[in-house]
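A.B. asks: Test case, fold it:
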Amino acid sequence: MQTILIGGISLLVGGGMAGAAIFGVVDSQTQAPSKSPASVTNPVLNYGETQ
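C.D. replies: All right, here's what the predicted structure looks like:
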């Protein structure tokens, strides 16, 4: 019984942490341009280019 209880609590805590992390990433990427570090017109990384 104790093993099932510990597993359930671990599942809830892990799920909560994962949900908070995903929410934070989505929120930071969808904010207004003045608050978001990403820029579509001036990308930091140009994929496929070599120096």
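
A.B. asks: C-alpha only now, for contacts and for neighbours.
C.D. replies: Noted.

A.B. asks: tell me the helices in this structure, going along the chain?
C.D. replies: 2-29 (DSSP state H).

A.B. asks: Sketch out the low-pLDDT regions of it for me.
C.D. replies: By pLDDT under 70, the low-scoring segments of the chain are 33-40, 42-46, 51.

A.B. asks: Which residues are in contact with Thr41?
C.D. replies: Not one residue lies near Thr41 by C-alpha atoms under 8 Å, 6 or more residues apart in numbering.

A.B. asks: let's have the chain start at 822 instead
C.D. replies: Sure, I'll start counting at 822 from here, so that last one is Thr862.

A.B. asks: Would you mind measuring from it to Asp848?
C.D. replies: 20 Å (C-alpha to C-alpha, to the nearest Å).

A.B. asks: do Ile825 as well
C.D. replies: Taken as C-alpha to C-alpha, the span from Ile825 to Asp848 is 34 Å.

A.B. asks: Over to Gly828?
C.D. replies: Distance from Gly828 to Asp848, by C-alpha to C-alpha: 30 Å.

A.B. asks: same check, this time on Val834
C.D. replies: In terms of C-alpha to C-alpha, Val834 sits 21 Å off from Asp848.
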